[in-house]
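# With the input below, show me the fold.
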Amino acid sequence: MKPALGPAAGAAPDAVPLLGRFEELVALATAKRDIQLKTVLERDVRLVRFEDGHLEIALEPNTSKAAIGDLSRRLGDLTGRRWMVVVSSEQGQPTLRSQQQAREAEAKRGVLADPLVQRVLERFPGSEVVDVRRRDVEPEAPAAAALPPAPEPDDDG
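Presented below is the predicted three-dimensional model:
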């Protein structure tokens, strides 16, 4: 009997490429539709250090310490590799959710500082800016199919 050869030998069937950043790990949880893991990574984990297979984190105050063992197991299931999850005494970065909320708040402050927006809010008392969205794509020109048909030429001449 011949031993298995090649990169697939001993690899888990669902193994994923090496991950270089914590955000790639969260994106993988999203792609694999593991919403519970994605939520924990975004809401409860403050990143201290990240290497593929090794996650050093600080936890948000209300997060259960028992979540660490579960996190290690779930990361292994997700990637097909063993993960070492260590709780650090360091503060760590703000959670991904906190970082997103800070970006949204900054965008809203920028919009509210715009003189045109201030005039609109003054003109309509009680109105408020509830959401700010970035338009990443320029609107497309109307398609030719959306234009009315050209008139038919007269056969009379």
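
# C-alpha only now, for contacts and for neighbours.
OK.

# can you give me phi and psi for the most centrally placed residue in the chain?
Per C-alpha atoms, centre = their mean, the C-alpha nearest to the average position across the chain is that of residue 27, at 6.1 Å. Dihedral pair for residue 27: phi -60, psi -40, per degrees, to the nearest 10.

# Spatially nearest residue to it (excluding sequence neighbours)?
residue 38 (8.0 Å; C-alpha to C-alpha, 6 or more residues apart in numbering).

# same thing with residue 19?
Closest residue to residue 19 apart from its sequence neighbours, by C-alpha to C-alpha, 6+ apart: residue 52 at 5.3 Å.

# and the worst-scoring helix or strand of the chain on mean pLDDT, which residues are buried?
When each helix and strand of the chain is scored by mean pLDDT, DSSP states H and E, helix 67-79 comes last, with a mean of 88. Buried residues in helix 67-79, counted by 16 or more other C-alpha atoms under 10 Å: 68, 71-76, 78-79.

# Just the closest of those residues to residue 112, please.
residue 71 (40.3 Å; C-alpha to C-alpha).

# Give me the distance between residue 16 and residue 54.
Applying C-alpha to C-alpha, to the nearest Å, the value for residue 16 to residue 54 is 15 Å.

# one step back: isn't the residue nearest to residue 19 right up against residue 20?
Yes. Counting by C-alpha atoms under 8 Å, residue 52 does reach residue 20; the two are 6.5 Å apart.

# Residue 58 contacts residue 48, correct?
Yes. With contact defined as C-alpha under 8 Å, residue 58 and residue 48 form a contacting pair (6.8 Å).

# got the residue ranges for the helices in the protein?
Ranges of helices in the chain, per DSSP state H, are 22-31, 35-43, 67-79, 96-112, 115-123.

# which of those helices has the lowest average pLDDT?
Mean pLDDT across the helices of the chain is lowest at helix 67-79; the value there is a mean of 88.

# What is the neighbour count of the residue nearest to residue 27?
Look at residue 38: counted by other C-alpha atoms under 10 Å, it has 19 neighbours.

# Likewise for the one 3 residues further on?
By other C-alpha under 10 Å, 23 other residues sit near residue 41.

# what's the neighbour count on the closest residue in space to it that isn't next to it in sequence?
Sequence neighbours aside, residue 26 is the residue nearest to residue 41 in space, at 6.7 Å (criterion: C-alpha to C-alpha, 6+ apart). The local packing of residue 26 (other C-alpha under 10 Å) involves 20 other residues.
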